[in-house]
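Q: Sequence first, predicted coordinates after that:
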Amino acid sequence: MTATSYSLVGDIGGTNARFALVREGEVQPQAIEVLPCSDYENLDAAIVDYLRRAGIEAVGQACLAVASPVQGTQVRMTNNHWRFDIEDVRQEFGWSAFKVINDFTAMALGVPHVPESHLVHVCGGPGDPRRPRLVMGPGTGLGLAYAIPGKAETRIQHTYGGHFPASPQT
């Protein structure tokens, strides 16, 4: 595999880091690996090991979805000991671009590309694609995001369901 024809993509959670390569101009991931986060001191070490396992020395760019808020260039994983600066990692690996987004933001962005037969309607009824759609899922935490259709574009709002206190007190 040549570095220039692939981008690194990944889903970094509290327990596992999932990495794959995507060939330029395609969307199908290749060389998918799941690595336990606890086996690595930091994100950089996991990336180096993944690329070695995939048999590739480098890639030109990367996009990672993380189970954490992304504030500026700083990422402090919510349920994982990893901390990193997006620009520092980009420079270290020499990538032309490095995007980091919330993991449920990534999933909500994918909703328009999911076949209707794979969507689950809640609260009955046929559903309405012009209405907001919810993406939620348990992992190390509970992730939530809303895809809110607009006239020009779909807006995404992510949140952390597992961070809300339960209202019942008894």
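A: Arrived safely. If you're wondering where the values come from, they're calculated on a predicted model, not measured in any experiment. Residues are numbered from 1 along each chain as shown.

Q: where does residue 15 land on pLDDT?
A: Note on residue 15: pLDDT of 91.

Q: Next, count neighbours for it.
A: Residue 15 has 13 neighbours, counted by other C-beta atoms under 10 Å. Bear in mind the C-beta positions are built from the backbone N, C-alpha and C, glycine included.

Q: ditto for the one 5 residues further on
A: Taking other C-beta under 10 Å as the criterion, the count of residues near residue 20 is 19.

Q: list the buried ones in the helix or strand hosting it?
A: Using DSSP states H and E, the secondary-structure element containing residue 20 is strand 16-23. Along strand 16-23, these residues count as buried under the neighbour rule (16 or more other C-beta atoms under 10 Å): 16, 17, 18, 19, 20, 21, 22.

Q: and the gap between the residue most central in space within the chain and residue 123?
A: Note on the chain: the residue nearest the mean C-alpha position is residue 65, at 2.0 Å, using C-alpha atoms, centre = their mean. For residue 65, the distance to residue 123 equals 28 Å [C-beta to C-beta, to the nearest Å].

Q: Now do the helices in this structure.
A: Under the criterion DSSP state H, the chain contains helices at 43-54, 86-93, 103-110.

Q: most tightly surrounded among the ones you listed?
A: Highest mean neighbour count of the helices of the chain: helix 103-110, a mean of 20 (counted as mean count of other C-beta atoms under 10 Å).

Q: what's the average pLDDT for that helix?
A: On average, helix 103-110 scores 87.

Q: So what's the gap between it and the chain middle?
A: 7 Å (C-alpha atoms, centre = their mean, to the nearest Å).

Q: same for it, what does it pack against?
A: Secondary-structure packing of helix 103-110 (3 or more C-beta pairs under 8 Å, 6 or more residues apart in numbering; DSSP states H and E): strand 6-12, strand 61-66, strand 133-138, strand 142-148, strand 155-160.

Q: Tell me which of those strands sits nearest to residue 103.
A: strand 61-66 (4.1 Å; C-beta to C-beta).

Q: pull the CA atoms of that closest one into CSV?
A: Taking Å, rounded to 0.1, in the frame of the first residue of the first chain, the C-alpha atoms of strand 61-66 are listed here in CSV:
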residue,chain,number,x,y,z
GLN,A,61,-4.4,12.7,6.1
ALA,A,62,-6.6,11.4,8.9
CYS,A,63,-10.1,11.8,10.4
LEU,A,64,-10.9,10.4,13.9
ALA,A,65,-14.2,10.3,15.7
VAL,A,66,-13.7,10.5,19.4
